[in-house]
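1. with the sequence up front, the predicted model follows.
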Amino acid sequence: MAILQPWNIVFTIGFVVYVTTRGRFAAKTKGNESMDRRVGLQEKILLPFVISTSLLFPMIYLLTPLFSFANYELPVWVHACGVVLMVGGLWLFWRSHADLGLNWSPTLETRKGHEIVKHGVYRRIRHPMYSGIWLFSIAQGLLLNNWLAGWGVVLSFSFMYILRTPQEEKMMTDQFGSAYTDYMSETGRLFPRIRQSSPEQSKPTD
Ligand code: SAH
């Protein structure tokens, strides 16, 4: 079974931390009352696509021979890079959940009493959770020697990120107006914005 190979054991440990982190925060926000919920057809299709490629595919690869037709080999240094990305991704994923607190939700929605979070990892990046998911997904590709279990999630999350992020920013702008557009001008989407913009050139950036 693939799960018994050393790099797959390392991945499995990270995978358990990833799933447990999400589970803990999902339980905490369960009682939230939604104020604006934007779950259209796109979210309904994309979310299961991302969940199956990020959770189901690795489990099928690790526990069964079903995906063995898509196996390949990678050098050790590539796996080692994967571990570094995985640790970074897990840290960002945990910190962004912790900083969002009750304002987190798995779908596009704002809750009753929603506040814009600008502290912690949100100080210079406005989508640090997505940065963490990107890092973890790329690490998955670098650690698992399988096209489907390794890279399927990079494909599905690319769609999710490209389609969802502008909608999320629109939802936040509709809700918070200039408080959110000002915040956009002070932060980068996935990477920290290093230079603070002056008021005249305060335009949102990528
Ligand atoms: N895109 C963010 C959050 C992902 S969770 C990130 O990558 O870190 C998705 C929910 O978080 C959205 O539905 C929205 O309600 C909420 N959200 C996003 N940015 C926020 C912010 N700066 N403050 C408070 N809530 C935010």
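-> Arrived safely. Numbers count the residues shown, from 1 in each chain.

2. could you use CA atoms for every contact and neighbour count after this?
-> Fine.

3. model confidence for the residue lying closest to residue 126 once chain neighbours are set aside, exactly?
-> The shortest distance from residue 126 to any non-neighbouring residue, by CA to CA, 6 or more residues apart in numbering, is to residue 189 (5.3 Å). Turning to residue 189, the model gives it a pLDDT of 96.

4. mind checking how far residue 189 is from residue 128?
-> Counting by CA to CA, to the nearest Å, the gap between residue 189 and residue 128 amounts to 8 Å.

5. more neighbours, those two?
-> Of the pair residue 189 and residue 128, residue 128 is the one with more neighbours under other CA atoms under 10 Å, namely 24 against 19.

6. excluding chain neighbours, what is closest to residue 66?
-> Spatially, and ignoring its direct neighbours in sequence, residue 66 is nearest to residue 60 (6.9 Å; CA to CA, 6+ apart).

7. how about residue 176?
-> Excluding its sequence neighbours, the residue lying closest to residue 176 (CA to CA, 6+ apart) is residue 116, at 7.9 Å.

8. please apply the same query to residue 111.
-> residue 34 is the one closest to residue 111 (CA to CA, 6+ apart), at 4.2 Å.

9. follow-up on the earlier one: I figured the residue nearest to residue 176 hits residue 180, correct?
-> Yes - contact status for residue 116 versus residue 180: in contact at 7.4 Å, counting by CA atoms under 8 Å.

10. can you tell if stretch 45-53 touches the ligand?
-> No - Stretch 45-53 lies out of reach of the ligand by CA under 6 Å from any ligand atom, never closer than 12.4 Å.

11. what's that stretch in contact with?
-> Contacts of stretch 45-53 from elsewhere in the structure, counted by CA atoms under 8 Å, 6 or more residues apart in numbering, are 148, 149, 152, 153, 156, 157, 159, 160.

12. where's the residue nearest the centre of the chain relative to residue 157, distance?
-> A centroid search over the chain (CA atoms, centre = their mean) returns residue 133, at 2.8 Å, as the residue closest to the centre. Taking CA to CA as the measure, residue 133 and residue 157 are separated by 8 Å.

13. just residue 97 next, same as before
-> Distance check for residue 97 against residue 157: by CA to CA, it reads 18 Å.

14. looking at the two, which is more packed in?
-> In this view residue 97 and residue 157 are compared by other CA under 10 Å, and residue 157 has more residues nearby, 24 against 21.

15. quick one: the helices in this structure?
-> Listed in chain order, the helices found in the chain under DSSP state H are 6-28, 41-51, 57-63, 76-100, 128-143, 147-176, 178-186.
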